[in-house]
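Engineer: coordinates only, sequence not included:
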């Protein structure tokens with residue numbers, strides 16, 4: 001019987017993920033990177049039995065006759081179906097993912113793969129609340145500010161960013177469309193490290209709140225500071241020492257995440273990656289300015305699928321719990337978001353140069369109005 005609602009799909013994912021936790025961390029890592037072990041078939045352990053029982057319980061609950069909401073995908077719906085949605089009890093989820101270089105070992109869509117999975121987790125949790133539905137938009141592959149800007153390199157293989165003003169305009173336009181159609185709840189799932197990126201999304205959210213009286217929340221902009229601390233807390237002393245870096249980009253955490261989420265996309269050469277440890281942001285900028293900088297900081301070589309699974313559990317739970325609290329009335333304005341820094345200011349100068357170049361061409365061709 002195929003799964004026909006979000007809770008059932010969540011149960012299926014839980015069953016798949018359970019295998020990663022059934023054995024030791026080493027076995028979990030072996031599973032995620034595609035290795036097989038000679039003793040992979042053997043007596044069923046007590047730990048495995050407990051996990052199987054837990055999954056079966058979740059599976060039974062998933063098929064129980066409870067009035068869960070529905071996860072809708074806007075691209076699959078017609079005019080009347082969209083019009084019929086309860087605007088007060090439908091949450092719109094806008095996932096995004098910048099195309100940004102992450103060095104020679106990770107895909108340029110690393111952030112997007114994280115956001116895709118978080119969108120699934122978030123949607124499943126929201127529709128588990130009686131009376132609530134979710135309307136998911138296709139992922140928007142646009143973001144501002146690649147990590148290469150830290151070294152003043154505004155063109156770098158693998159990064160295809162848009163200007164902060166462009167990103168803000170895209171999300172303000174969507175906010176206008178959604179607000180004019182009466183929607184009141186929007187969660188933006190668009191994790192990325194650039195301060196300008198966060199500011200663009202936060203400003204679009206402020207516009208929606210002030211203009212339509214609703215909520216358009218950039219979740220990652222609220223949880224990022226806490227998750228940086230969690231990332232460190234989950235490491236062993238040896239891992240923390242090996243991955244020491246003031247800028248977390250393409251390092252142990254992100255490599256571990258993709259080993260967990262999409263191991264087939266990780267270049268196996270990460271095991272012998274040269275570490276680029278940084279003492280502070282200025283030191284990171286000095287390293288990134290070098291001609292041979294490969295595009296990452298820290299030490300990808302100490303990454304593991306097991307660490308990625310642990311981190312994901314905290315990351316997803318934190319984001320989902322915050323979203324559910326907001327739906328229940330939590331005042332998220334009290335959370336201090338990401339602030340500007342010297343790197344973001346320099347990046348804006350480059351963006352102004354790009355805008356001027358484009359405007360001059362439009363004007364010369366008579367296209368500018």
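Structural biologist: Nice, thanks for sending it over. Every value quoted in this text rests on a predicted model; they were computed, and no experiment measured them.

Engineer: any weak-confidence spans in the stretch 201-350 of the chain?
Structural biologist: 337-343 (pLDDT under 70).

Engineer: all helices for it, in order.
Structural biologist: Ranges of helices in the stretch 201-350 of the chain, per DSSP state H, counting those that start in this stretch, are 219-233, 237-242, 252-261, 281-289, 305-327, 342-364.

Engineer: Give me the distance between the first one and the centre of its chain.
Structural biologist: In other words, helix 219-233. 12 Å (Cα atoms, centre = their mean, to the nearest Å).

Engineer: now swap in the last one and tell me
Structural biologist: Between the mean C-alpha location of helix 342-364 and the chain-wide mean there is a distance of 27 Å, by Cα atoms, centre = their mean.

Engineer: Name the residues of that helix that come out as buried.
Structural biologist: Under the neighbour-count criterion of 16 or more other Cβ atoms under 10 Å, helix 342-364 has 343, 344, 347, 348, 351 buried. Using the backbone N, CA and C atoms, a C-beta is placed for each residue, glycine as well.

Engineer: Then the fifth one?
Structural biologist: Going by neighbour count (16+ other Cβ under 10 Å), the buried part of helix 305-327 is 305-312, 315-316, 318-320, 322-324, 326-327.

Engineer: How many neighbouring residues does the nearest residue to residue 196 once chain neighbours are set aside have?
Structural biologist: Distance criterion Cβ to Cβ, 6 or more residues apart in numbering; nearest residue to residue 196, sequence neighbours excluded, is residue 164 at 4.3 Å. By other Cβ atoms under 10 Å, 24 other residues sit near residue 164.

Engineer: And residue 164, how far from residue 201?
Structural biologist: 10 Å (Cβ to Cβ, to the nearest Å).

Engineer: Does the residue nearest the centre of the chain belong to a helix, a strand or coil?
Structural biologist: For the chain, the residue nearest the mean C-alpha position is residue 115 (3.2 Å; Cα atoms, centre = their mean). At residue 115 the chain is in helix, as set by DSSP: H, G, I helix; E, B strand; the rest coil.

Engineer: For it, list the residues it contacts.
Structural biologist: 95, 96, 97, 139, 189, 190, 191 (Cβ atoms under 8 Å, 6 or more residues apart in numbering).
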